[in-house]
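[1] sequence plus the predicted model coming up.
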Amino acid sequence: MAGAAAEQRRLASVVESWLGRPVLILGDAMLDEWRFAESDRLCREAPAPVLTLRRRISAAGGAANTAVNVAALGGRAALVAPVGADAAGDELHDCLDRAGVWDRTVGLHGRPTAVKRRMLAGNQILLREDSGDPDDALDHEGVEQLLAALDCATEELRAASGEAPTLVVCDYGLGGLPAPVRTWLVDNRERYATVALDAHDLADWRGLAPTVVTPSFAEATRLLARAAADSPARPAGADLHLDHPDGDPSDGPSELTVGVAPGEGTVGVASGGGPAGGITRPGGPTRLGPTGEPTPGEDRVAMTGDGLSVTGTGVTVNTDAGEGVDRAVLAESRLAELRAHTGAEVVAVTLDTDGAVVGGPDGERRRSHSTPVPASHAVGAGDAYLAAMTLALAADAPLPTAAQLAQLAATITVSDTGTCVCRREDLLAALDAPLDTAGRPALVGAAELETLVEEHRSAGRSVVFTNGCFDVLHRGHVRYLEQARALGDLLVVAVNSDGSVRRLKGADRPVNPVEDRVALLAALACVDHVVVFEEDSPARLIEVVRPDVYVKGGDYPPEMVPEAPLVRRLGGQVRTLGYVPDRSTSAIIDRIRAHGQDVSSPVAGQA
């Protein structure tokens, strides 16, 4: 028991160590839409259920969900991705804002935001509608805008953290990462400390030399097939050049999943729309085992009794692994080849309900396991796996530790229907590790705050400081504080006392006493510490905290902030964040008063 407790503490220390680590996520972002309906009858026109919509939710998907998971796990996440200038794009921006992700997406007119819409009844997915054309690649102007955003976000993260950021590339074949972007990343590889790659078509990324790749079983299979087609006589581990023509019919987004194919006999593969080609075992026909469901233009991935058969490019690759092999054994047997073909230090082949198989430079194979869940519970679990694996490796965790934390992050997110997000506090709770004060909002005094800030700074965490009355807490406040928290590892909010508010705002303020105001602020996940000050200016607290970043709300430049000279003298920087339009305490109070006058008027009373 003592050994298990020590191991959990060790894992928890890794989770703590990646707090605030800068991560740039680049790739295909999309919106996940979930529509929950009820049905108690069939329609007259067809044997189809009549649905009554009860609830609709939206969530970040694809690269955007990876960014949300990085932020939720405690990293400092910035997302660069092409997003349509449309309603779905607006919803996606809101999802990123709520999650505290630095939204550096590029809005494009005429190129819609990719959306996956799921209709459910009784927690069962009845259908999914996808929008977003994989052939709709970025035009020259879009590429230039994306590269500019990528360059700026890289420097912004470096400036904010003082270290080279980690890069996560999410290429799901939706046209957001064309060849010029891939070339730029290869040429600028040295600007990123750790690089993680999740791509449907790994062959496109051979020159990137990523730290880790996380292909699904089907994606790994397709890469092996292409490698064999490119140079079948080349030995495993050789430097392979895996170029393939842009018009390759097997290109495009892939969501291959493993299921059970009915029947038995010769494995038939339809190639390029022509007749099925046969793959037979010596000595007779083969029972068809689990098989991948291909998207249009892709061929079938099959497991046979004597190993793995892949016909993604019309080439069959067998592992000769023997009878009764499973996907984990097959993946383990090809890890060295996958590392050679991708140029990656670490390869993690994800096996959905069967967990994952991970291999690193030492040649050791590591297996992790998962608990089978309904498919509607596992949407986005791979994003949580990728985020945790990347953060752990970026924090210099040993590979077995990174693999263990990644699998745990993916496993604890699949408890309900929806897009999976793993929060740092949930991961620590799964490890039976208590949150430290950096993860537990609390009201503190000035003397205690000074001690706490020193502890955080000694641990390498950057401190963000802001102040205000926060009299009637509203959406503008919440968004402002979330954006402020994203600028560092720790957010300290200083709140004016009741007397201070009266001197600043008038005799009829505050509306809410200070104990209520601080209680609401302390309940926000983005706020780490709350402190009350009696003076009209927070200057004394600024000298105590010596913030790395001082944040004020407003549209004026930082030079106009009265506290700016003091903050800069103490070595910090000043940032101003714009308010949400039409959201202010004064406007809310005015509306309440106007409503009260309307109700008390004679006309209103007669209505």
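    That came in fine, so what should we check first?
[2] just the strands in the stretch 401-550 of the chain please.
    442-443, 463-468, 490-496, 529-533, 549-553 (DSSP state E, counting those that start in this stretch).
[3] any idea which of the ones you listed gets closest to Val567?
    strand 549-553 (4.3 Å; C-beta to C-beta). For glycine as for every other residue, the C-beta is placed from the backbone atoms N, C-alpha and C.
[4] which of the strands of the stretch 401-550 of the chain comes out lowest on mean pLDDT?
    Here the lowest mean pLDDT among the strands of the stretch 401-550 of the chain goes to strand 442-443, at a mean of 70.
[5] most tightly packed of the strands of the stretch 401-550 of the chain?
    Comparing the strands of the stretch 401-550 of the chain by mean neighbour count (mean count of other C-beta atoms under 10 Å), strand 490-496 ranks first with a mean of 25.
[6] can you dump the C-alpha coordinates of that strand into CSV?
    Taking C-alpha atoms only, strand 490-496 is exported to CSV below (Å, rounded to 0.1, in the frame of the first residue of the first chain):
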residue,chain,number,x,y,z
LEU,A,490,-1.9,32.0,-10.8
LEU,A,491,-4.6,34.7,-10.7
VAL,A,492,-4.8,37.0,-7.6
VAL,A,493,-7.9,39.2,-7.4
ALA,A,494,-7.9,42.2,-5.1
VAL,A,495,-11.3,43.5,-4.2
ASN,A,496,-12.2,47.0,-2.9
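[7] thinking again about what came up before, using TSV, lay out the strands of the stretch 401-550 of the chain together with distance to Gly207.
    Output for the strands of the stretch 401-550 of the chain, formatted as TSV (distance: least, C-beta to C-beta, whole Å):
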stretch	distance to Gly207
strand 442-443	49
strand 463-468	38
strand 490-496	39
strand 529-533	46
strand 549-553	37
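[8] what packs against the longest helix anywhere in the chain?
    Secondary structure assigned by DSSP state H gives helix 140-161 as the longest helix of the chain. Contact here means 3 or more C-beta pairs under 8 Å, 6 or more residues apart in numbering; DSSP states H and E; on that basis helix 140-161 packs against strand 22-27, strand 76-80, strand 106-108, helix 179-187.
[9] out of the ones you listed, nearest to His140?
    helix 179-187 (8.5 Å).
[10] okay, now the sheet partners of the helix or strand following the closest one, with direction.
    Remark: after helix 179-187, the chain's next helix or strand is strand 195-199, criterion DSSP states H and E. In the sheet, strand 195-199 lines up against strand 166-171 (parallel), strand 212-213 (parallel) (DSSP bridges).
[11] so where does Gly61 fall, helix or strand?
    Following DSSP H and E, one finds Gly61 within strand 52-62.
[12] got the angle for that strand vs strand 76-80?
    Here the directions of strand 52-62 and strand 76-80 differ by 100 degrees (axes from the mean of the first three to the mean of the last three C-alpha atoms, to 10 degrees).
[13] could I get stretch 185-201 in PDB with only the CA atoms?
    C-alpha atoms of stretch 185-201 as PDB (Å, rounded to 0.1, in the frame of the first residue of the first chain):
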ATOM      1  CA  LEU A 185       6.700  23.800 -39.500                       C
ATOM      2  CA  VAL A 186       9.600  21.600 -40.700                       C
ATOM      3  CA  ASP A 187      11.700  24.700 -41.400                       C
ATOM      4  CA  ASN A 188      10.900  26.100 -37.900                       C
ATOM      5  CA  ARG A 189      11.100  22.900 -35.900                       C
ATOM      6  CA  GLU A 190      13.800  24.300 -33.600                       C
ATOM      7  CA  ARG A 191      11.400  26.900 -32.300                       C
ATOM      8  CA  TYR A 192       9.500  24.200 -30.300                       C
ATOM      9  CA  ALA A 193      10.900  22.200 -27.500                       C
ATOM     10  CA  THR A 194       8.500  19.300 -27.800                       C
ATOM     11  CA  VAL A 195       6.300  18.400 -30.800                       C
ATOM     12  CA  ALA A 196       3.300  16.100 -30.700                       C
ATOM     13  CA  LEU A 197       1.600  14.900 -33.900                       C
ATOM     14  CA  ASP A 198      -1.800  13.400 -34.300                       C
ATOM     15  CA  ALA A 199      -2.500  13.000 -38.000                       C
ATOM     16  CA  HIS A 200      -4.800  10.800 -40.100                       C
ATOM     17  CA  ASP A 201      -2.100  10.600 -42.700                       C
END
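[14] buried sites along it?
    Leu185, Arg191, Tyr192, Ala193, Thr194, Val195, Ala196, Leu197, Asp198, Ala199, His200, Asp201 (16 or more other C-beta atoms under 10 Å).
[15] closest one of these to Glu141?
    Closest to Glu141, out of all of the buried residues of stretch 185-201 and judged by C-beta to C-beta, is Leu185, at 19.3 Å.
[16] for the residue lying closest to that closest one once chain neighbours are set aside, phi and psi?
    Among residues not flanking Leu185 along the chain, Leu208 sits closest, at 6.1 Å (C-beta to C-beta, 6 or more residues apart in numbering). For Leu208, the backbone dihedrals (degrees, to the nearest 10) come out as phi -70, psi -30.
[17] start to end distance for stretch 390-402?
    Terminal residues of stretch 390-402 lie 8 Å apart, using C-alpha to C-alpha, to the nearest Å.
[18] the stretch 301-450 of the chain: helices as residue ranges?
    For the stretch 301-450 of the chain, helices defined by DSSP state H, counting those that start in this stretch occupy the ranges 327-333, 335-342, 381-394, 399-411, 424-430, 446-458.
[19] just those: most buried one?
    Greatest average neighbour count among the helices of the stretch 301-450 of the chain goes to helix 381-394 (a mean of 29), per mean count of other C-beta under 10 Å.
[20] same for that helix, what does it pack against?
    Here helix 381-394 touches strand 22-27, helix 63-72, strand 166-171, strand 195-199, strand 212-213, strand 346-350, helix 399-411, going by 3+ C-beta pairs under 8 Å, 6+ apart.
[21] would TSV of the ones you listed with distance to Asn496 be doable?
    Output for the helices and strands packed on helix 381-394, formatted as TSV (distance: least, C-beta to C-beta, whole Å):
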stretch	distance to Asn496
strand 22-27	33
helix 63-72	29
strand 166-171	39
strand 195-199	44
strand 212-213	47
strand 346-350	50
helix 399-411	40
